[in-house]
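# build me a structure from this.
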Amino acid sequence: MRSVSLLGIPNMPMIKPGDDLAALICRCATEAGLGIDEDDVVVIAQKIVSKAEGRLVRLSETVPSARAREIAEITQKDPRFVEAVLSDTGRVLRTGPGLLIVEHRLGFVCANAGVDRSNVAGDAGETIALLPLDPDGSASRIRDGIRAITGQTVAVIINDSHGRAFREGAVGVAIGVAGLHPLTDERGQSDLFGYQMQVTTIGTADELASAASLVMGQTDEATPVVIIRGASYRRGPGDIQELLRERAKDLFR
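Numbering: from 1, shown residues only. Below is the predicted model of the structure:
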């Protein structure tokens, strides 16, 4: 019987700019008796990657532009927060009361360009976190660090919570990958009755990211790293752009 284990790494410390995430992950996994095994998938919450890389902005030091103030009036958001969102935005797609949907500079379509106040600092939301500059690069560096420490070759996914068109509720998605192909192409494979699949492509990295989110949680769980053991995936360099639908094929934008 096939099974997959979701193993939250306990006792991860509060992350600060400059921290070595690979070393901390390996140390805490070892102390918890989990270790790191060959072909594990290590899923890491975007927030701690952003913290370690210093992708933090203090609202008290942010001066909103005229455009930010205009959007803030529509969305009823803090104009300083909107300015931070715009700094990471390629295109504003939708605005409304409490709503700011953008195309992030990396191509993700999400609320607030992934900018977030939660679990950043103990200053009542005055410090916010932006997404990593290069999530694939971040995942690759952490993967290399884990291999250097443990000798094990793993896949690494950086995940975040995004909403979806036409469905309520946020789910975990991959925003950076290393060591695995984020898509699994099943076209040409046969089903139980011999029918050949024509269009089926599985978002493997997103499925793994979402599974890890069940253990990570969103509030005070303090489990920002999850090891997925026993999952099937195709090894490869990884490129998150494979998951992003071309604008010409996107019927929802």
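
# please enumerate the strands of the stretch 101-250 of the chain.
Listed in chain order, the strands of the stretch 101-250 of the chain (DSSP state E, counting those that start in this stretch) span 109-111, 127-129, 155-164, 167-178, 184-185, 201-202, 225-229.

# for those strands, give me TSV that also has mean neighbour count, distance to Thr95 and mean pLDDT.
Heads up, the C-betas are built off the backbone N, CA and C, glycines and all. Shown next, in TSV, are these (neighbours: other CB atoms under 10 Å; distance: least, CB to CB, whole Å; pLDDT from 0 to 100):
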stretch	mean neighbour count	distance to Thr95	mean pLDDT
strand 109-111	21	11	92
strand 127-129	22	19	92
strand 155-164	24	15	93
strand 167-178	20	19	93
strand 184-185	14	36	74
strand 201-202	12	32	80
strand 225-229	23	34	98
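
# let's have those in JSON lines, adding distance to Glu242.
Output for the strands of the stretch 101-250 of the chain, formatted as JSON lines (distance: least, CB to CB, whole Å):
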{"stretch": "strand 109-111", "distance to Glu242": "16"}
{"stretch": "strand 127-129", "distance to Glu242": "25"}
{"stretch": "strand 155-164", "distance to Glu242": "13"}
{"stretch": "strand 167-178", "distance to Glu242": "9"}
{"stretch": "strand 184-185", "distance to Glu242": "10"}
{"stretch": "strand 201-202", "distance to Glu242": "10"}
{"stretch": "strand 225-229", "distance to Glu242": "19"}
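
# if I look at the residue sitting nearest the centre point of the chain, how far off is Ser138?
The residue lying closest to the centre of the chain (CA atoms, centre = their mean) is Asn159, at 2.2 Å. Separation of Asn159 from Ser138 (CB to CB, to the nearest Å) stands at 12 Å.

# any buried residues in the helix of greatest length in the chain, and which?
In the chain, taking DSSP state H as the definition, the longest helix is helix 135-150. Residues of helix 135-150 classed as buried: Pro135, Asp136, Ser138, Ala139, Ser140, Arg141, Ile142, Arg143, Gly145, Ile146, Ile149, Thr150 (neighbour count, 16 or more other CB atoms under 10 Å).

# the closest residue to the second one other than its chain neighbours bridge partners, please.
Taking CB to CB, 6 or more residues apart in numbering as the measure, Asp136 lies nearest to Gly176, with 4.9 Å between them; neighbours along the chain are not counted. According to DSSP bridges, Ile158 are recorded as the beta-bridge partners of Gly176.

# isn't Gly176 up against Asp160?
No: at 9.1 Å, Gly176 does not count as touching Asp160 under the criterion of CB atoms under 8 Å.

# what touches both of the two?
Shared contacts of Gly176 and Asp160 (CB atoms under 8 Å, 6 or more residues apart in numbering): Gln46.

# so which elements touch the lowest-mean-pLDDT helix or strand in the chain?
When the helices and strands of the chain are scored by mean pLDDT, DSSP states H and E, strand 184-185 comes last with a mean of 74. For strand 184-185, the packing partners by 3 or more CB pairs under 8 Å, 6 or more residues apart in numbering; DSSP states H and E come out as strand 201-202.

# strand partners (parallel or antiparallel) of the strand it packs on?
Next to strand 201-202 in the sheet, as set by DSSP bridges, lie strand 184-185 (antiparallel).

# quick one: low-confidence ranges for the chain?
Applying pLDDT under 70 to the chain picks out residues 1, 119, 122-124, 186-200, 218-221, 253.

# which parts of it are helices?
Going by DSSP H, the chain shows helices at 21-31, 46-52, 66-75, 79-87, 135-150, 204-216.

# dump the second one to PDB, restricted to CA.
Presented in PDB, the C-alpha positions along helix 46-52 are these (Å, rounded to 0.1, in the frame of the first residue of the first chain):
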ATOM      1  CA  GLN A  46       7.900  31.600   2.200                       C
ATOM      2  CA  LYS A  47       7.800  33.700   5.300                       C
ATOM      3  CA  ILE A  48      10.900  32.300   6.800                       C
ATOM      4  CA  VAL A  49      12.800  32.500   3.500                       C
ATOM      5  CA  SER A  50      11.800  36.100   3.200                       C
ATOM      6  CA  LYS A  51      12.900  36.800   6.800                       C
ATOM      7  CA  ALA A  52      16.300  35.000   6.300                       C
END
